[in-house]
Each structure stands twice: as C-alpha cells, then as structure tokens.
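> predicted model follows, preceded by the sequence.
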Amino acid sequence: MEEIEVPFHLHPLRPFTRFDFSMCEGCRLSPDFIYGGYRCNELGCDTIVFHKKCVMPLPEINHSYHPDHPLYLIMPYTEASRCSQCAVMFTFGYFCSTCDFKLDLICARKPGPLVLPENSYIHEHPLTWRLENWYSCNQCDFSTSLDSLDLYPEANHPCHPQHPLKSLKYNAAPDYADKKCLLCATSLYYNTSHLHHCDVCNFSICRRCMKNPPPLGVVSLTTHEHQLHLVPRCIDFTCNACGTQGDRSPYFCLQCNFMIHRDCIDLPRVININRHDHRISYTRRLGHGEWKCGVCRKKVDGFYGAYSCSKCSTFAVHSRCAMRKDVWDMVELEGTPEETEEAAPFEVIDDNMIKHFSHDHNLRFNKDGRMLHESTLCQACVFQICSEPFYSCEQCDFILHQKCANLPRKKRHVCHNYPFTLQTDSLLKTSTCFICNQEFTGFRYKSNKHRVLDVRCGAISEPFEHRSHLHPLYYTKDVESSSCDGYDIDEFNCENFSCDECVFSLDYKRAILPQKVMRHRYDDHPLSLSYGESSVNGDYWCEACETKVNPEEWFYTCDDCGVILHISCVLGDFSYIMPGTCSKSFLAAAEVVPNTSICRPFCSECNSQCKLPSILQVSDARDVYYVCSFECISSFVRRFQNKFHLLSFILRRNIE
C-alpha cells in the first residue's frame, strides 16, 4: 500500500477508504466522518488521521480572511509564526508575499465569509467575522460560532435528491420523524440538535451528514471486488463483512447481492491482536466449521467475513471483535514482512546445561524435587523454589524456575494491546505491576507505552486454568460483580477473570498467589494454598495473628499438621521484592530485609511484632527502624517527615 511523506508529521501516511470518525490533525475542525483520507500506521500513532485535502493542500489559495492578495503554501518554517486570524503559533500554512499576513492550515480550511448578509433565518442583522471562529452583530449583542450557524435552512442533499431538506430544531420535528439520523444513526434529539428533514418522504439526517455527506459510491477491494453503492433508507440487513445486523443505509453491490455497514468498509487485511501470538488475516468467508471467536468466545458464522490465523487452523475472530481498540494495536501489516522467529531465551549447551540471555554463566538443570532453603528465591518471579525443576548457576547464587527460564522475550497480553518485551537488567530496581498493583523486583515485561507487568501476571494467558475453579477463566475489565471469590476486590486496583459457564470471578492479585510456600516460622512443613471449605464444623484460627479465619475464604494450611494461616499473614507487601533491595517507596535508605531472626522486631508505626517474612528496614545515622507494610509506611512518613527531612521520605508508590 503506497505511503506518502509529509512535512508536518513524523511518519509516512497511508491512504484509507474506511469511514473514520475522528478529528483531522490537519484542519482540527470538530470530529467528523473522514472518508478517503490518510492515517498514520505507526504503533502509538493510531489516532493520527487527515482529510485528503489536508494532506495535499493547494499551493495557492484565495481566502475571505485576506481577499486582497492570494496566499501561498509554505513548507514548515524554521521558526514558528503566529496566525494572523487565530493568533496561534504554527509552522505549516499559508502566507501573503505582499504583506505580513499568515494563516495556519486550520484557519485556511475555514472558508467562512467575512460578512454574513441579513438573513431572517440566522439573524435579522448582518454578522461580521471576528477572531477565533466567531461572528457577531454590530447592531446588537448577538454572537455565534461558525459551527453553530445554520447555513442550510433549506438545501438539497445528494442522498435525497427528490426534495430539499428543511433545517429544524429537535423540538420542531414532527412526531413521526425518526429519532436517529438515517445515515449515521446519531441521535437527533438533544437540546442543541438540528436535523434536516423531508416531510414528504420522512427522511431525516443530522447536521454533520448534511455538511459532510457520505460518498454515494465506494471502491474498497479489501472487503469487496466491485463498487459499492449507498442505499440511504431504513432497511434490515446482515452485513457480509462482519455477520452482524444493521438497520439503515448499507452499501450494496447489486451484482453480488452484497451488503455492508459503512464502518466495515476497508477492514484491514493483516493485523496483530492481543489475544493471539500470530498475525491474523481478514477473510471474506471462513467456510464450514464450528468456529468460536477468540475474543468474545461466541459463535462465528463461517459464511460471513472474519479474521483467521494461517498458523492455527482453529483460531477465528469476529471482524468487530478484532477491530476493538482494546484488542487491536491499530497497525495494518499488509505488505510488512513478518518478523523472523524471536530469539529463544536461552541457548542449549547440553542435556543439563543452558546459557540464559539474562546471566553471564551457564545454568545447570535440576529436576530431582529438592526442597531448597526458604531464602532461596527465583531471580525472575521472586518466589521460592518448592520442589519444582529449576536452573542454577554453579559459580554464583543465580537461580531460575524452569518455567521462568522459558519465559518468551517478547509477548502479547490480553491486558494491553501493545507488545511487551522481557527486561532482566534491573533486578534490584522495584516497579509496580499495572495489573495487580504490587511492588516487585525480578524480571518484568514492559511495553513501549511504559506499562510494566511482573512476570507472574505476564505469564497468564487465556484460557486461564486455575485450581480454584473447574472451568476455564477469561480476562475481563468491566466486572459486574464487586467481589472476587474469597475476598472483596474493591480493595485492589486490579484486573479480573470471569467464568463463561457460572458466576465466578478472580482477580490477578489472587490468581498469582503461590500454590505452595516453603517453611514458615509457624510450621516446619510447606504450606499449601486452600481455596476455602464450604462445610466446616468449628472455628478456624490463624496461627500467626490468633484471630479467626473464615473457612469459606482462601488461606494457607499445612497438610501434615493442620496449621492454618491467613494469606495476609503469610505474604505481605514486600513478599515480591528481593531482600536487599531498596524499595522505591522511599528516596532515603530503606531496604527490604528478611524477617528470620528469633526475636522479631516491632514495627515503628503500628508497634506490633512484624510477623511477615519480609519487612522494610529504614536507617539513619543514629538508629534503625522497621516498617511492616505500605500502610504503615504512609503513617511513618507523615510522623517522621520533620526528623528525616520531608524530601528524603516521599512516598512514591505506583510510580514507575
């Protein structure tokens, strides 16, 4: 697809023929349907759209703002100039070679007359153009913007050539008139709405479609091989491109009996979505088969257009699901060579040895189920090594779970439609995962939008199989339920999983809890995660805090001796931070340390003995303080801000 270079945008622009409801970056008039324009196809520039006339401006114009001389197009100035009409600085627009008059491209696209003659429909006196898109009356206090003026009191329209359309206020429209625009389905009944109506044919359209009529004919070979013609009327139809219903103004091919929504014209041929690891391609017909959408998981009718994967024969996505802005990264890949196979995270040396890209030494494979010391933590996920296969370095204390060593270096994730890259070079720098909202160290996935995922959340994909539930779970952002099974999720700012087959929800913070925790100070055996018990005789008591445990909620328990602990008494705010790391919660000397001494320290804020496996140690020249949680940090900072200098103790949680 041919792209063009323009002086006013960093990237090349690509032509398109679909209807795009956007604000043109050239003229920056109010948002409108742009057809036959140009768009930027670079990742992160998905909102950059231009009218065709704004991409290819005329080299010379005559304008009512400066009627005495012609204006000439000038390429970007080395220094910005001030528009003589709106007083805004600009670097691309028109100038007069005779006098010091300049127009930016926005004002140059506003060809309003300097004086509107007396018109009983608009105003009883002449209106004179003023700065910043306003007309005012010299004889009274009346003023109005150009966008508010009704310049079409009665006019013909290409979509209804039989009769002229009359401009009416919403409350002056007849009762039988449709409440939506026949062409774009915009509601016509607001306090400030105008509609244009033919009372002979009961034809009503909005002001936007009156000023900017859709094309009567469209050629877009992506979705159909023949020219498509607009049918401007209310008609029930099934769109051949997406398989969903429409009720007005389709585009139609008489030759093929083909109908399509206007916003399905020119669907991109090849794209990436965050629900699949491979590219997917638009096909006009999937054909026979039992197809299930990879986004909404509903049936895909194979006799209509959809997206499919050439590498995964069973994967398909509804056209409209693939086009969702939270699914598609807005980059069209047709004509772009597919990326070569991503480099593996490690090189195989022999049957028991690898060279991982994150470490300088070779790592030896261990699968004998050894129970390592509780302080031995995986460098990637900062979890303990609980009889799982792992790789370890024989020259230093570097260690990785086998599953963490296999983490892909690049991946897509359902929570974000930009790709993520695995980063391993800042193991002692804390970050906050934007999904589970927990501060962590170790490996991380980062997108070019500066969103950070810990590898625990990053490793979760759809369908998500979790031991707490019989059915597969799927990512959802708009959760109807206010609680996750086992506890209230309003406490956390995190995403959610839900079940398609029953009422069940699970948030990321609960989904990444370790299934097993090695020795705890209250028990010498490993602790297993329990998902609650519905029928229990008697009370459950936490061994750590000596308060009741709700047996229907999740908790940790010992299978050998029956010890029970709250999750919050086993894992604290610093459990995902490698000991020895300076927490980003402070700018001063604040270090996460293991709480393994026989005499547990007291928290300097809540005055309780710190029971969690990791705590924060804060040091100054004269003393050492301990803080057990982020909640206590906040109070500690406020209470000691004068003693330790306000600028040295600024809470920086949730800032990357």
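Sure, I can see it. Residues are numbered from 1 along each chain as shown.
> sec struct for R510, please.
Per DSSP: H, G, I helix; E, B strand; the rest coil, the secondary structure class of R510 is helix.
> count the residues that sit near it.
The tally of other residues near R510 (other Cβ atoms under 10 Å) stands at 24. Just so you know, the C-beta spots here come from the backbone N, C-alpha and C atoms, and that holds for glycine as well.
> I'd assumed E553 was in contact with it.
No. Judged on Cβ atoms under 8 Å, R510 makes no contact with E553 at a distance of 10.3 Å.
> and the residue lying farthest from the centre of the chain, how far from C404?
Going by Cα atoms, centre = their mean, the residue of the chain most distant from its centre is Q139, 51.9 Å out. Plainly put, Q139 is 78 Å away from C404 if you go by Cβ to Cβ, to the nearest Å.
> could you pull out the helices for this structure?
Remark: helices assigned in the chain by DSSP state H are 52-55, 105-108, 207-211, 319-322, 402-405, 455-458, 508-511, 567-570, 630-640.
> now do the first one: distance to the chain's middle.
Right, the one you point to is helix 52-55. Mean C-alpha position of helix 52-55 versus that of the full chain (Cα atoms, centre = their mean, to the nearest Å) differs by 29 Å.
> next one: the fifth one
Taking the mean of its C-alpha atoms, helix 402-405 sits 28 Å from the chain's own mean (Cα atoms, centre = their mean).
> now swap in the third one and tell me
The chain centroid and the centroid of helix 207-211 are separated by 31 Å under Cα atoms, centre = their mean.
> average pLDDT across it?
Per-region confidence: helix 207-211 scores 86 on mean pLDDT.
> rewinding a little: now render the helices of the chain as JSON lines, adding distance to L127.
What follows is the helices of the chain, written out as JSON lines (distance: least, Cβ to Cβ, whole Å):
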{"stretch": "helix 52-55", "distance to L127": "26"}
{"stretch": "helix 105-108", "distance to L127": "18"}
{"stretch": "helix 207-211", "distance to L127": "18"}
{"stretch": "helix 319-322", "distance to L127": "45"}
{"stretch": "helix 402-405", "distance to L127": "70"}
{"stretch": "helix 455-458", "distance to L127": "59"}
{"stretch": "helix 508-511", "distance to L127": "58"}
{"stretch": "helix 567-570", "distance to L127": "68"}
{"stretch": "helix 630-640", "distance to L127": "59"}
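> looking at these, which is nearest to I577?
helix 630-640 (11.2 Å; Cβ to Cβ).
> number of nearby residues for the spatially closest residue to E394 that is not a sequence neighbour?
Excluding the flanking residues, the one nearest E394 by Cβ to Cβ, 6 or more residues apart in numbering is R364, at 6.0 Å. Neighbourhood size, R364 [other Cβ under 10 Å]: 15.
> next: P514.
When neighbours are counted by other Cβ under 10 Å, P514 comes out with 18.
> wait, doesn't it sit right on C378?
No. Judged on Cβ under 8 Å, P514 makes no contact with C378 at a distance of 10.6 Å.
> just the pLDDT at F142, thanks.
So, for F142, pLDDT stands at 79.
> swap that for C159, sorry
pLDDT, C159: 93.
> ok, it - contacts?
L182, L183, I205, C209, P213, P214, L216, L230, P232 (Cβ atoms under 8 Å, 6 or more residues apart in numbering).
> roughly how far apart are it and H196?
From C159 to H196 the distance is 10 Å (Cβ to Cβ).
> please apply the same query to R370.
79 Å.
> what does D32 give?
Separation of D32 from H196 (Cβ to Cβ): 16 Å.
> between the two, tell me which one has more neighbours.
H196 (26 against 17).
> skipping adjacent residues, who's closest to the more buried one in space?
L165 is the one closest to H196 (Cβ to Cβ, 6+ apart), at 3.9 Å.
> check contacts around the one you found.
Y152, E154, A155, N156, H157, H196, H197, C198, F203, I205, M210.
> ok, now with 10 Å
L165 sits next to 152-157, 159, 195-199, 201, 203-205, 210 when contact means Cβ atoms under 10 Å, 6 or more residues apart in numbering.
> any of those buried? List them.
The neighbour-count test (16 or more other Cβ atoms under 10 Å) applied to the contacts of L165 identifies Y152, H157, C159, L195, H196, H197, C198, F203, S204, I205, M210 as buried.
> just the ones in strands from those residues, please.
H157, L195, H196, H197, C198, F203, S204, I205 (DSSP state E).
> please parse this structure into its domains.
Here the domain parsing of the chain from automatic domain parsing is 13-55, 60-108, 115-145, 154-211, 217-264, 270-322, 516-570, 590-648.
> pick out the shakiest of those domains, pLDDT-wise.
When I compare those, domain 115-145 is least confident, with a mean of 69.
> hang on, the earlier thing: by neighbours, which of the contacts of C159 wins?
I205 leads the contacts of C159 on contacts (other Cβ under 10 Å) with 27 neighbours.
> what sits opposite that residue in the beta ladder?
H196 (DSSP bridges).
> wait, it sits on A173?
No. I205 is beyond contact range of A173, at 11.8 Å (criterion: Cβ atoms under 10 Å).
> just give me the neighbour total for the residue nearest to K449 when sequence neighbours are not counted.
Distances taken as Cβ to Cβ, 6+ apart place Y418 nearest to K449, at 5.2 Å, with adjacent residues excluded. Residues contacting Y418 under the criterion other Cβ under 10 Å number 18.
> got the contact list for Y418?
43-44, 272, 274, 329-331, 412, 447-451.
> from those residues, which is closest to V382?
R451 (19.7 Å).
> check what pLDDT the closest one gets.
As predicted, R451 sits at a pLDDT of 88.
> and for the one 4 residues further on?
Here, the pLDDT recorded for V455 equals 93.
> quick one: it from P57, how far?
V455 is 49 Å from P57, by Cβ to Cβ.
> same deal with V624?
Counting by Cβ to Cβ, the gap from V624 to P57 is 68 Å.
> and G580, by the same measure?
Distance from G580 to P57, by Cβ to Cβ: 60 Å.
> and those two? which has more neighbours close in?
A side-by-side neighbour count of G580 and P57, using other Cβ under 10 Å, places P57 first with 20 against 11.
> what's the nearest residue to the more buried one if we skip its chain neighbours?
L73 (5.6 Å).
> might you report the residue contacts of I48?
9-11, 13, 22, 24-25, 38-42, 330.
> cool, and Q609?
Counting by Cβ under 10 Å, 6+ apart, Q609 touches N595, C599, R600, P601, F602, C603, Y626, C628.
> most neighbours among these, please name it.
Going by other Cβ under 10 Å, C628 tops those with 26 neighbours.
> test my guess that that one contacts V618.
No. C628 lies out of contact with V618 (Cβ under 10 Å); the separation is 11.7 Å.
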